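**Student:** Using only what follows, build the 3D model:
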Amino acid sequence: MALLTRIRGPRDLDRLTPGQLERLAAEIRTFLVDAVSKTGGHLGPNLGVVELTIALHRVFHSPKDKVLFDTGHQSYVHKLLTGRQDFTALKGKGGLSGYPSRAESEHDVIENSHASTVLGWAEGIAKANELLGRRDHHVAAVIGDGALTGGMAWEALNNIAAAKDRPLVIVVNDNERSYAPTIGGLANHLATLRTTDGYERFLARGKDILERTPVVGKPLYETLHGAKKGLKDFIAPQGMFEDLGLKYVGPIDGHDIEALESALQRAKRFNGPVIVHCLTEKGRGYQPALQDEADRFHAVGKIHPDTGLPIAESGADWTSVFGEEMVKLGEERDDIVAITAAMLQPVGLDKFAKRFPDRVYDVGIAEQHAAVSAAGLATGGVHPVVAVYATFLNRAFDQVLMDVALHKCGVTFVLDRAGITGTDGASHNGMWDMSILQVVPGLRIAAPRDADQVRAQLREAVEVDDAPTVVRYSKGAVGPAVRALSRIGGMDVLREPGTKSPDVLLVSVGALAPMCLEIAGLLDQQGITTTVVDPRWVKPVDEALPGLAARHRVVVTVEDNSRAGGVGSAVSQALRDAGVDVPLRDFGIPPRFLDHASRKEVMAEIGLTAPDIARQVTGLVARIDVPGEKTSDEAEPAEVAGD
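**Tutor:** Numbering: from 1, shown residues only. Predicted structure coming up:
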């Protein structure tokens with residue numbers, strides 16, 4: 001690592017010779033495999049952009065020039081070249097973020113890590129440069145071919161093209177993949193650009209032949225050259241971009257630093273928007289990644305660096321339970337179809353796709369389209385299951401509300417990685433879905449507590465044909481089954497206190513059931529009797545809940561979702577509407593963005609643990625009969641799990 005350790009900032013690259021740059025690229029790949037294998041992280045995308053990132057930082061002068069990444073999971077090389085080479089705690093508490101982070105470096109700009117946004121950012125920054133007269137400031141936006149399947153990217157391109165004299169360099173990192181191989185019309189277009197000879201070479205060969213042809217040769221060549229635009233579209237159809245008013249350069253070998261620098265320098269000098277189309281190989285230089293057909297080691301856990309095999313086998317996870325049940329449903333019902341947004345394998349639909357290839361639709365990074373298309377499918381007589389990460393459903397809220405719910409379409413949304421996910425940071429915590437979906441009329445939300453309930457509630461959801469349904473579950477391994485003792489209304493009773501006048505009704509939401517049972521055990525040690533119920537369907541609030549609450553001294557809700565507008569708020573409103581005047585205390589995620597760390601560490605930081613909650617509930621019960629004490633919703637909120 002002799003060269004890499006000498007790089008403390010981008011300008012250190014300026015003194016390196018072409019040979020040294022190639023050695024640096026090799027050192028970076030060795031470093032990435034060694035470091036990421038120890039911590040886990042996004043390996044394949046970063047192995048593919050080593051030379052491209054080196055070239056970007058040699059041509060553009062960050063931080064004066066803004067080098068932007070979409071979605072940011074390919075920013076590890078950028079971190080290395082901007083002075084951040086301690087990867088020992090990558091994605092861990094106190095370590096480097098897995099995405100760009102403004103708190104880490106002045107070289108980082110966008111840190112939300114949701115795809116297809118970079119061109120909007122770039123257009124806005126370029127406008128600001130223009131308005132403020134910063135003619136020596138440049139903007140380079142790196143976007144993958146996968147992210148170009150998102151509608152936001154094309155909304156931005158439409159506006160970028162409208163200002164033909166506003167400098168902006170768009171680098172298309174074309175590796176034919178987002179997570180998995182990119183599909184759709186744009187993918188086919190880029191494939192054509194990759195595999196077709198450029199028209200300039202065609203014209204050069206044609207000119208040589210025609211100019212040697214007597215009489216008709218020269219007029220034919222002039223006609224041919226005059227028709228160059230039409231030929232360009234036929235032979236190398238980059239015309240799609242140029243028709244938008246965007247200068248096109250490429251395709252460029254994304255692993256040839258000299259060619260990349262030349263193309264980027266030309267684009268930088270051009271006084272207007274330019275697309276530089278770079279062909280890269282995801283997972284380059286690491287054979288286990290190249291042999292991984294699914295996603296080229298897009299994201300890995302801890303692995304053996306030599307083999308790429310995981311160090312520890314994990315048990316069954318929530319995602320695989322859903323995926324297996326989807327196959328069973330598909331075998332039982334011909335009308336079940338699946339939709340995902342460029343995440344077929346991460347959300348567990350790969351087995352369904354293999355079994356029913358004609359009944360699965362990958363729409364690219366286009367969650368809005370996924371929801372509207374699902375409404376159309378439901379209207380056409382089938383039942384779509386739309387599977388996305390919980391954090392990404394935020395992007396399709398209007399479509400869920402106005403297209404699916406308003407039209408009473410039977411669509412099931414399955415939200416993977418709901419609640420605190422931890423290591424991927426603020427943008428990937430699925431902590432808003434149960435809040436934003438509370439306002440959607442007719443929509444129903446299921447929060448399974450274990451694998452058996454994932455299976456059961458998924459089946460219940462797809463039986464609903466006149467309203468949207470949602471099934472949301474956590475990331476990672478699913479724990480043992482949590483047995484129900486009885487059922488009240490539609491709620492499962494997980495613990496009964498054995499007394500007619502129990503103190504606490506504890507409403508457990510989803511995967512937090514084991515923790516809620518632990519809380520009840522801790523309260524029991526303090527002489528506080530507790531009933532624990534799992535509502536199963538948290539929206540709408542079960543009709544039996546207010547009556548059950550009235551038989552207790554206090555109600556406590558515990559959810560893996562934002563406290564602002566979440567299940568606790570809905571239960572509180574239901575009690576007020578029913579005239580049940582029982583103090584309620586809600587525990588959940590405080591309304592703030594959470595730093596990356598493990599799920600366990602994040603939950604401890606915000607007080608969403610059994611001891612923390614039991615301690616607060618014990619204090620509440622002790623004060624409940626003391627005159628003048630605040631014991632209900634009037635208590636002042638705190639920046640912790642509960643108030």
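
**Student:** Could I get the full set of helices for the stretch 301-450 of the chain?
**Tutor:** 318-332, 350-355, 367-379, 390-393, 397-399, 433-436 (DSSP state H, counting those that start in this stretch).

**Student:** Run through who's touching the fourth one.
**Tutor:** This points to helix 390-393. By CB atoms under 8 Å, 6 or more residues apart in numbering, the residues outside helix 390-393 that reach it are 114, 341, 367, 400, 413, 415-419, 421, 427-433, 472. No exception for glycine: its C-beta is placed from N, CA and C like everyone else's.

**Student:** which intervals of the stretch 301-450 of the chain have sub-threshold pLDDT?
**Tutor:** 313-314 (pLDDT under 70).

**Student:** hmm, who's touching stretch 401-409?
**Tutor:** 371-372, 374-375, 378-379, 411, 439-443, 466-468.

**Student:** Generate a PyMOL selection restricted to the buried subset of those.
**Tutor:** Command for PyMOL, covering only those of the contacts of stretch 401-409 found buried under the criterion 16 or more other CB atoms under 10 Å:
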select buried, resi 371+372+374+375+378+411+440+443+467+468
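
**Student:** Out of the contacts of stretch 401-409, which two sit at the greatest distance?
**Tutor:** T379 and V439 (23.1 Å; CB to CB).

**Student:** Out of the helices of the stretch 301-450 of the chain, which is closest to E293?
**Tutor:** helix 350-355 (11.0 Å).

**Student:** Buried residues, that closest one. List them.
**Tutor:** Buried residues in helix 350-355 (16+ other CB under 10 Å): D350, F352, A353.

**Student:** same thing with stretch 271-282?
**Tutor:** Quick answer for stretch 271-282 (16+ other CB under 10 Å): G272, P273, V274, I275, V276, H277, C278, L279, T280, E281, K282.

**Student:** ok, so of those residues, who is nearest G588?
**Tutor:** K282 (37.7 Å).

**Student:** which SS class is the closest one?
**Tutor:** Assigned with DSSP: H, G, I helix; E, B strand; the rest coil, K282 falls in the coil class.

**Student:** how close does it get to D292?
**Tutor:** Per CB to CB, to the nearest Å, K282 is found 10 Å from D292.

**Student:** okay, and the common contacts of these two?
**Tutor:** G44.

**Student:** all strands of the stretch 201-350 of the chain, in order?
**Tutor:** With DSSP state E, counting those that start in this stretch as the criterion, the stretch 201-350 of the chain has strands at 247-253, 273-279, 336-340.

**Student:** For the stretch 501-643 of the chain, just list every one of the strands.
**Tutor:** Going by DSSP E, counting those that start in this stretch, the stretch 501-643 of the chain shows strands at 504-508, 530-534, 537-539, 554-562, 584-589.

**Student:** Looking at those, spot the one closest to G547.
**Tutor:** Using CB to CB, these put strand 504-508 closest to G547, at 10.8 Å.

**Student:** who touches that closest one?
**Tutor:** 449, 494-495, 515-517, 519-520, 523, 528-535, 545, 548-549, 551-558, 567, 571, 582, 617, 621.

**Student:** which among the buried residues of stretch 271-282 gets closest to H73?
**Tutor:** K282 (11.2 Å).

**Student:** Who are the contact partners of that closest one?
**Tutor:** G44, P45, L47, G48, N175, E176, R177, A289, R296, H298.

**Student:** let's see it at 10 Å
**Tutor:** 43-49, 74, 144, 173, 175-178, 181, 289-290, 292, 295-298 (CB atoms under 10 Å, 6 or more residues apart in numbering).

**Student:** if we can go back for a sec, would you mind checking the contacts of strand 504-508 for buried ones?
**Tutor:** Judged by 16+ other CB under 10 Å, buried ones among these: 449, 494-495, 515-517, 519-520, 523, 528-535, 545, 548-549, 552-558, 567, 571, 582, 617, 621.

**Student:** ok, back up a step: now the strands of the stretch 201-350 of the chain in CSV, with distance to D136?
**Tutor:** What follows is the strands of the stretch 201-350 of the chain, written out as CSV (distance: least, CB to CB, whole Å):
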stretch, distance to D136
strand 247-253, 20
strand 273-279, 17
strand 336-340, 44
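
**Student:** of all those strands, which has the lowest average per-residue confidence?
**Tutor:** Comparing mean pLDDT over the strands of the stretch 201-350 of the chain, the weakest stretch is strand 247-253, at a mean of 89.

**Student:** Give me the packing partners of that strand, helices and strands only.
**Tutor:** helix 50-59, strand 168-174, helix 185-195, helix 239-243, helix 257-269, strand 273-279 (3 or more CB pairs under 10 Å, 6 or more residues apart in numbering; DSSP states H and E).

**Student:** May I see the buried residues of it?
**Tutor:** For strand 247-253, by 16+ other CB under 10 Å, it's K247, Y248, V249, G250, P251, I252.
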